[in-house]
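In: Kindly generate the corresponding structure for this input.
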Amino acid sequence: MIYVLYLLILYSLNNQYINAEQNPYIQKNGQELLLCRRCGADVADSNYLISKNSPGAQKIEKKNLFGRQNITVQTLINPFGVKFDIVTAEKARCTNIGPSQGADSWFPGYTWRICTCPHCGQHLGWSFESSHSKAVENNSESMNLFHGLILSNILGENFTDSLIMMPKMYKM
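Out: Now for the predicted structure:
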């Protein structure tokens, strides 16, 4: 009797833990949340990633990231020589810091502001806003606002889910 009870408890514990490979949330039609690497707060959805190329990019590559294929990754260098690999998104949850800057913009016709995590303040990238007063909202070529997110400061939720594995002693 005790042996049967023990097996039932082990079986119920085994069903409470889902291995990362079996997690139904990993493949959500190509959607994946992008998280702040420092605190884990969700800052964007991969569904909002766009290809907005900078003429000042040192390198532009297409990569499979965040559950999507052919995501544009650009290597940009600031005036101090610091390199950033960024992805662009039409929507992101971030706090903009400081006044809009027009100087040294990687995207001509756009001003920029530093974009930080609303939870912990980590520098996530930049928000770019059109400096043209009458940009057409529905035309992607004249988008009013988008974000450049630093790839090394964000991570995908599926990566973090893969770190949470069921202990071997609970596997049957």
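In: In the one helix or strand residue 62 maps to, which residues are buried?
Out: Here residue 62 sits within strand 59-65, counting by DSSP states H and E. Buried residues in strand 59-65, counted by 16 or more other Cβ atoms under 10 Å: residue 65. From N, CA and C alone the C-beta is placed, and that goes for glycine too.
In: What pairs with it, parallel or antiparallel?
Out: strand 68-77 (antiparallel) (DSSP bridges).
In: and the next element down the chain from the partner strand?
Out: Next along from strand 68-77, by DSSP H and E: strand 83-89.
In: what residues are up against residue 151?
Out: Counting by Cβ atoms under 8 Å, 6 or more residues apart in numbering, residue 151 makes contact with 73, 84-87.
In: which one of those residues is nearest residue 55?
Out: Residue 55 has its nearest neighbour among these in residue 86, at 14.2 Å by Cβ to Cβ.
In: That closest one touches residue 125, doesn't it?
Out: Yes: with contact defined as Cβ atoms under 8 Å, residue 86 reaches residue 125; the gap is 6.1 Å.
In: Give me the common contacts of the two.
Out: Taking Cβ under 8 Å, 6+ apart as the contact rule, residue 86 and residue 125 both touch 148-150.
In: So which of these belong to helices?
Out: Assignment to helices by DSSP state H places none of the shared contacts of residue 86 and residue 125 there.
In: in the protein, which helix or strand is least confident?
Out: Among the helices and strands of the chain, helix 2-16 carries the lowest confidence by mean pLDDT, DSSP states H and E, at a mean of 47.
In: which secondary structure elements does the very next helix or strand once past that helix contact?
Out: Going down the chain from helix 2-16, the next helix or strand is strand 33-36, by DSSP H and E. Applying 3 or more Cβ pairs under 8 Å, 6 or more residues apart in numbering; DSSP states H and E, we find strand 33-36 packed against strand 42-45, strand 154-156, helix 157-163.
In: how about the ones you listed, which one is nearest residue 120?
Out: Residue 120 lies closest, by Cβ to Cβ, to one member of the helices and strands packed on strand 33-36: strand 42-45, at 10.5 Å.
In: Given that closest one, what are its sheet partners and their directions?
Out: By DSSP bridges, strand 42-45 pairs with strand 33-36 (antiparallel).
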